[in-house]
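Colleague: Below is the sequence, then the predicted model.
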Amino acid sequence: MGQLQNFSKGFIRENPVFILLLGLCPALGVTTSAFNGLGMGLATTFVLVSSNTVVSLIKNFIPSKVRIPCFIVVIASFVTIVDLVMEAFLPALFESLGLFIPLIVVNCLVMGRAEAFASKNNTGSAIVDGLGMGLGFSFALTLLGGVREILGAGEFFGMTLFPGDGMLVFVLAPGAFIGLGYLVALNNIVKKKLD
Amino acid sequence: MAKRESTFANMVVTLFLVAAAASFTLATVYNLTKEPIERAREATRQAAISLVLPDFDELRSLNVMPVTGSDSLGFNIAYKDGELVGIAVATYTRMGYSGDIRAMVGFTPEGTIIDVVHLSHAETPGLGDKIEKGKSSWSTDQFAGFDPREQSLKLKTDGGHIDGITAATITARAYCDAIDRAFQTLIANKESIINKEGE
């Protein structure tokens, strides 16, 4: 598999949210607006690339019976770093995402890529995989956040598209499930066309 | 290089090394970000104070235990040319829809509300976040110029004089609770605050 394919698989073919159905807790929780989705996606991307890098570097050093605790410690450290750095230098973003940052630790996408890819491949491939998966995750979250924001609040990235209250259900939890269901179906159609 | 075997010694040493490296990294990052984080929090507080108070040239801060609730409130007493011009109270409520809501309330020396601004909250985006000034004019419309000595700081549905927020009654009720806590505490401690002014 070439590196380009390795990178691009995260967008449609193996999109973490639409195909692998990983990391749905943040995907449903934070995507009340496109901006929140993008912010959460990029924070996850950073953690994913960093943890993939470190995991692929130390994979030969870790006895396989304690690999999961070691990976968790690595991931939790990077999440805490993101949490601290974001509060220090991006307070506005931290205010809207702060609650969800610690949740990245238990995002099974990060753990899943560490276990399924980074612990079996070299560092270069692991970085490309983390970047592709992370950006695919950001893409999915921004899309879902955008759909919910447009339908629920009549806005996109905070710009008013049409006045009025919109359909409140899309801002609330049920709207996340409905939106996700339709996007998964749409992604399957696109994937079939590509194949 | 082959994978290391899962012997007891190997596992203990590896876990120890990974945990030690992680602790060291986190301690470094914590130290590096400590000051910027405090600066960012202080900047939010200062911006909130100047938003809810008239012009002032001297500010005195003290913590006061509220009439109800277990955490102290931050009182910021503002003077201009030696005269008391207003009191900004950093208040909170535990009644939020999701987590605590913290807000800064500005009062005139008599006790009329000048303005209110939220400091932090985790209410539902799109509904409860209408308490934010940037999202809706609700908080200014309801509270700016409101005199809690004459009217009740409760929602109209609860028999008070404040309009609720559509589809976010719990958030609006909680916000009223936070502001009422600040007001009650201010009234209860007014003497001591004004006395200190004379010192």
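Modeller: That came in fine, so what should we check first?

Colleague: CA only for contacts and neighbour counts going forward, please
Modeller: Noted.

Colleague: For the lengthiest helix in chain A, name the packing helices and strands.
Modeller: If you go by DSSP state H, chain A has its longest helix at helix A:123-153. Contact partners of helix A:123-153 among helices and strands, from 3 or more Cα pairs under 8 Å, 6 or more residues apart in numbering or on different chains; DSSP states H and E: helix A:3-8, helix A:34-58, strand A:155-156, helix A:173-194.

Colleague: what mean pLDDT does it have?
Modeller: On average, the pLDDT along helix A:123-153 is 87.

Colleague: Any idea how many residues pack against the closest residue to chain B within chain A?
Modeller: For chain A, the residue closest to chain B is A:A88, as judged by Cα to the nearest Cα, at 4.2 Å. A:A88: 20 surrounding residues under other Cα atoms under 10 Å in any protein chain shown.

Colleague: okay but it is in contact with B:E42, surely?
Modeller: No: A:A88 lies out of contact with B:E42 (Cα atoms under 8 Å); the separation is 11.5 Å.

Colleague: Could you report the neighbour count for A:Q3?
Modeller: Residues contacting A:Q3 under the criterion other Cα under 10 Å number 12.

Colleague: try A:P63
Modeller: When neighbours are counted by other Cα under 10 Å, A:P63 registers 21.

Colleague: try B:A122
Modeller: Per other Cα under 10 Å, the neighbour tally for B:A122 reads 19.

Colleague: Name the nearest residue to it, ignoring sequence neighbours.
Modeller: Distances taken as Cα to Cα, 6 or more residues apart in numbering or on different chains put B:S98 closest to B:A122, at 5.7 Å, once the chain neighbours are dropped.

Colleague: List the contacts of that neighbour.
Modeller: B:122-124 (Cα atoms under 8 Å, 6 or more residues apart in numbering or on different chains).

Colleague: Quick one: mark the members of those residues that sit in helices.
Modeller: Among these, no member lies in helices (by DSSP H).

Colleague: So which of these sits lowest on pLDDT?
Modeller: B:T124 (74).

Colleague: Doesn't B:I165 belong to a helix?
Modeller: No: judged by DSSP: H, G, I helix; E, B strand; the rest coil, B:I165 forms no part of a helix; its state is coil.

Colleague: and it, what does it touch?
Modeller: So B:I165 contacts B:128, B:130, B:138, B:171-172 (Cα under 8 Å, 6+ apart).

Colleague: ok, longest helix in chain B?
Modeller: Longest helix in chain B, counting by DSSP H: helix B:8-52.

Colleague: residues of the helix or strand just after that one that come out buried?
Modeller: The C-terminal neighbour of helix B:8-52 among helices and strands, as given by DSSP states H and E, is strand B:58-64. Judged by neighbour count using 16 or more other Cα atoms under 10 Å in any protein chain shown, the buried positions of strand B:58-64 are B:59, B:64.

Colleague: sec struct for B:S152, please.
Modeller: coil.

Colleague: With B:L84 instead?
Modeller: Assigned with three-state DSSP, B:L84 falls in the strand class.

Colleague: Over to B:G160?
Modeller: coil.

Colleague: Pull the number of nearby residues for the residue nearest to it when sequence neighbours are not counted.
Modeller: In space, and not counting its chain neighbours, B:G160 is closest to B:K154: 4.2 Å by Cα to Cα, 6+ apart. Per other Cα under 10 Å, the neighbour tally for B:K154 reads 22.

Colleague: Torsion angles phi and psi at B:K154?
Modeller: According to degrees, to the nearest 10, the main-chain angles of B:K154 amount to phi -140, psi 160.

Colleague: Nearest residue to the residue of chain A closest to chain B in space, please, no chain neighbours.
Modeller: Nearest residue to A:A88, sequence neighbours excluded (Cα to Cα, 6+ apart): B:I37, at 4.2 Å.

Colleague: Correct me if wrong: the one you found contacts A:D83.
Modeller: No: the criterion here is Cα under 8 Å, and B:I37 misses it with A:D83 at 10.8 Å.

Colleague: tilt between the longest helix of chain A and helix A:173-194?
Modeller: 130 degrees (axes from the mean of the first three to the mean of the last three Cα atoms, to 10 degrees).

Colleague: Any idea what the residue nearest the centre of chain B is bridged to?
Modeller: Central residue of chain B (Cα atoms, centre = their mean): B:R102, 2.9 Å from the mean position. Beta-bridge partners of B:R102, counted by DSSP bridges, are B:Y92, B:S120.

Colleague: Hmm, B:H121 and it touching each other?
Modeller: Yes: if you go by Cα under 8 Å, B:R102 and B:H121 touch, sitting 6.4 Å apart.

Colleague: one step back: what confidence value was assigned to the residue of chain A closest to chain B?
Modeller: 86.

Colleague: Kindly confirm my reading that it forms part of a strand.
Modeller: No: when classified by three-state DSSP, A:A88 is found to be helix rather than part of a strand.

Colleague: For it, list the residues it contacts.
Modeller: Counting by Cα under 8 Å, 6+ apart, A:A88 touches B:33-38, B:40.

Colleague: looking at the residues you listed, which has the most residues close by?
Modeller: B:I37 (20 neighbours).

Colleague: Got the confidence number for that residue?
Modeller: For B:I37, the predicted pLDDT is 88.

Colleague: Show the contacting residues for the most centrally placed residue in chain A.
Modeller: Nearest to the mean C-alpha position of chain A, by Cα atoms, centre = their mean, lies A:F137 at 3.6 Å. By Cα under 8 Å, 6+ apart, A:F137 lies in contact with A:10-11, A:15-17, A:41, A:45.
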